[in-house]
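In: my questions are about this predicted structure, shown below with the sequence.
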Amino acid sequence: MYLVTTVFKVTITHLTQPIYTAFKTLRFTTPIHTIFFNNFSVRDMKTDIHSIPEQHLSISEQHLRQRVLHWLKENVSQSRIEHILRVEDMSIALAKQHGVSVSKAAQSGLMHDLAKFFKPKRLLEQARANGVDVDTVFEANPHLLHATVGAIVARDEFGVGDRDILDAIGNHTLGSPGMNPLSCIVFLSDSLEPGRGDSDELNTLRQLSFQNLDHAVWMTCDYTIQYLLGAKKLIHPRAIATRNWFLQSTKKAAVI
């Protein structure tokens, strides 16, 4: 179980205007808070990344986790491993909150960045070899393929056959319209894990992720798209489609 304790409030007018416009209609039942995952807080998670999620895994899944950790040490940086472990922890916490398989969330979070450090040529080649439609945005920014290729690595290198896990890995960067709760959880955990920062906007999104997955995906997409626009970076059409789908889903649920 994780505990909740109030440690600060968000002043909503401190949010940038596009995010403020959307958030001003929210009605939280409690103030913004630090959420405790696995007995340590959002702030503590920035330094304490050695939690052990094996209690949520079968013996075979524990062995797989150790194999993946060994592979990660050989293929990604230490700072990236720390990010991955924070994503794994947040995925577990969100899965508990929303009644999603904790073992699937843990595995998806752990393997979401398998292809993070692949070179552009390798990403493009592996994507094309596996029938991925490599459009002009992917060609211009092959790094966007690391989620899709990561799912391929999970399947081929580690024998992962669970469609939900593979989809969660593949959807963690751009999302996907109508993606299931497990994919939403890994998408949100990657964007909102504590190492991403401690701003009012991020803490508001973190709280929202524990209240409503669809709404949190919509608002996290808006947050990311706002950043990409400001940085004058390409935005993949799937990111826009994801945002629009979850916006509509949230609005429909509000009407019902």
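Out: Cool, got the structure.
In: C-alpha from now on. contacts and neighbour counts both.
Out: Fine.
In: ok now the helix ranked longest in the chain, how far from the chain's centre?
Out: Taking DSSP state H as the criterion, the chain has its longest helix at helix 78-98. Taking Cα atoms, centre = their mean, to the nearest Å, one finds helix 78-98 lying 8 Å from the centre of the chain it belongs to.
In: do a quick rundown of the helices in the protein.
Out: Along the chain, counting by DSSP H, helices occupy 17-23, 59-75, 78-98, 102-111, 120-129, 136-140, 146-158, 163-170, 181-192, 200-211, 213-230, 237-255.
In: got the angle between the last one and helix 213-230?
Out: Yep, that's helix 237-255 we're talking about. 140 degrees (axes from the mean of the first three to the mean of the last three Cα atoms, to 10 degrees).
In: for helix 237-255, packing partners?
Out: When contacts are defined as 3 or more Cα pairs under 8 Å, 6 or more residues apart in numbering; DSSP states H and E, helix 237-255 sits against helix 213-230.
In: with mean pLDDT added, can I get the helices of the chain in JSON lines?
Out: Output for the helices of the chain, formatted as JSON lines (pLDDT from 0 to 100):
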{"stretch": "helix 17-23", "mean pLDDT": "41"}
{"stretch": "helix 59-75", "mean pLDDT": "95"}
{"stretch": "helix 78-98", "mean pLDDT": "97"}
{"stretch": "helix 102-111", "mean pLDDT": "97"}
{"stretch": "helix 120-129", "mean pLDDT": "98"}
{"stretch": "helix 136-140", "mean pLDDT": "98"}
{"stretch": "helix 146-158", "mean pLDDT": "98"}
{"stretch": "helix 163-170", "mean pLDDT": "98"}
{"stretch": "helix 181-192", "mean pLDDT": "98"}
{"stretch": "helix 200-211", "mean pLDDT": "97"}
{"stretch": "helix 213-230", "mean pLDDT": "98"}
{"stretch": "helix 237-255", "mean pLDDT": "95"}
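In: would you convert those into CSV that also reports mean neighbour count?
Out: Formatted as CSV, these follow (neighbours: other Cα atoms under 10 Å):
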stretch, mean neighbour count
helix 17-23, 13
helix 59-75, 14
helix 78-98, 22
helix 102-111, 26
helix 120-129, 16
helix 136-140, 13
helix 146-158, 21
helix 163-170, 24
helix 181-192, 26
helix 200-211, 20
helix 213-230, 19
helix 237-255, 15
